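Participant: pasting the structure only:
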């Protein structure tokens, strides 16, 4: 079944994204913005979590309330830039955290996996894959493929900026995965970087070059 692609147009997300793109934004502010945007995105990405009824005793009586219906979640950042989104997501909802390590071969632009550590009960969890940039789509496709081998309940992918090429590649490879993006950019350049983009997200999050 084909799933949805959501380009988030919330004013707060768009405002923070404009600061994130700025070449003069400091490492500390960049890192904080990535976390804040991830938290805002997770708010919408978890909109379909099931609820159940619960009675809560208040200082003035008993209230009929709604609580999450016991669904187990897992966040899986793609190393290293995806780490920048984890804290923001965890501020909103508790989850186990797995890690998938990939780097891009600068000649072929293909992902090379070097690490994969996922929760042992991932087959009982709804998984959110986190990566700030969806460029060629190779890393996201490979990471989701590794996760699917463990048969999770569902998989969603969250990125801050996507390129059309990467979005189409991911949709084709994993049509059953919901995709959430804060922004859709114009194209990839000859080096596989998103234009206009925001540069290398990992370098800007961690202050490396």
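Facilitator: Good, I have the coordinates. All values reported here derive from a predicted model rather than from experimental measurement.
Participant: element containing the closest residue to residue 208 other than its chain neighbours?
Facilitator: Once flanking residues are discounted, residue 208 sits nearest to residue 202: 7.2 Å by C-beta to C-beta, 6 or more residues apart in numbering. From N, CA and C alone the C-beta is placed, and that goes for glycine too. Using DSSP states H and E, residue 202 falls within helix 201-206.
Participant: list the buried ones in the biggest helix by length in the chain?
Facilitator: Secondary structure of the chain per DSSP state H: the longest helix is helix 27-45. By neighbour count on 16 or more other C-beta atoms under 10 Å, the buried set for helix 27-45 is 30-42, 45.
Participant: Report the mean confidence score over that helix.
Facilitator: Averaging pLDDT along helix 27-45 yields 95.
Participant: The residue nearest to residue 208 contacts residue 81, correct?
Facilitator: Yes. Here residue 202 reaches residue 81: they are 3.9 Å apart, a contact under C-beta atoms under 8 Å.
Participant: Give me the more crowded residue out of these two.
Facilitator: Applying other C-beta atoms under 10 Å to residue 202 and residue 81 shows that residue 81 carries more neighbours, namely 23 against 19.
Participant: was I right about the more buried one contacting residue 139?
Facilitator: No. Contact between residue 81 and residue 139 fails when scored by C-beta under 8 Å: they sit 9.5 Å apart.
Participant: between those two, what contacts are shared?
Facilitator: Overlap of the contact sets of residue 81 and residue 139 (by C-beta atoms under 8 Å, 6 or more residues apart in numbering) consists of residue 131.
Participant: gap between stretch 187-195 and the chain center?
Facilitator: 20 Å (C-alpha atoms, centre = their mean, to the nearest Å).
Participant: swap in stretch 177-195?
Facilitator: Worked out by C-alpha atoms, centre = their mean, stretch 177-195 lies 13 Å from the chain centre.
Participant: And stretch 67-77, by the same measure?
Facilitator: 14 Å.
Participant: list the buried ones in it?
Facilitator: For stretch 67-77, using 16+ other C-beta under 10 Å, the buried residues are 72-77.
Participant: And for stretch 145-153?
Facilitator: For stretch 145-153, by 16+ other C-beta under 10 Å, it's 146-147, 150, 152.
Participant: Out of the residues you listed, give me the two with the largest separation.
Facilitator: Greatest spatial distance in the buried residues of stretch 145-153: 146 and 152, 10.9 Å, computed using C-beta to C-beta.
Participant: quick one: average pLDDT of stretch 195-209?
Facilitator: Stretch 195-209 carries an average pLDDT of 90.
Participant: Show residues contacting that stretch.
Facilitator: By C-beta under 8 Å, 6+ apart, the surrounding residues in contact with stretch 195-209 are 20-21, 23, 25, 27, 30-31, 34, 80-81, 83-84, 132-133, 160-161, 163, 185-189, 193.
Participant: Could you give me the ChimeraX syntax to select whichever of the residues you listed are buried?
Facilitator: Selection of buried members from those for ChimeraX, criterion 16+ other C-beta under 10 Å:
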select :20,21,25,30,31,34,80,81,83,84,132,133,160,161,163,185,188,193
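Participant: any chance of the buried residues of helix 27-45 in CSV, plus distance to residue 178?
Facilitator: As requested, those are exported to CSV (distance: C-beta to C-beta, whole Å):
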residue, distance to residue 178
30, 26
31, 26
32, 26
33, 23
34, 20
35, 21
36, 21
37, 17
38, 16
39, 18
40, 16
41, 12
42, 13
45, 7
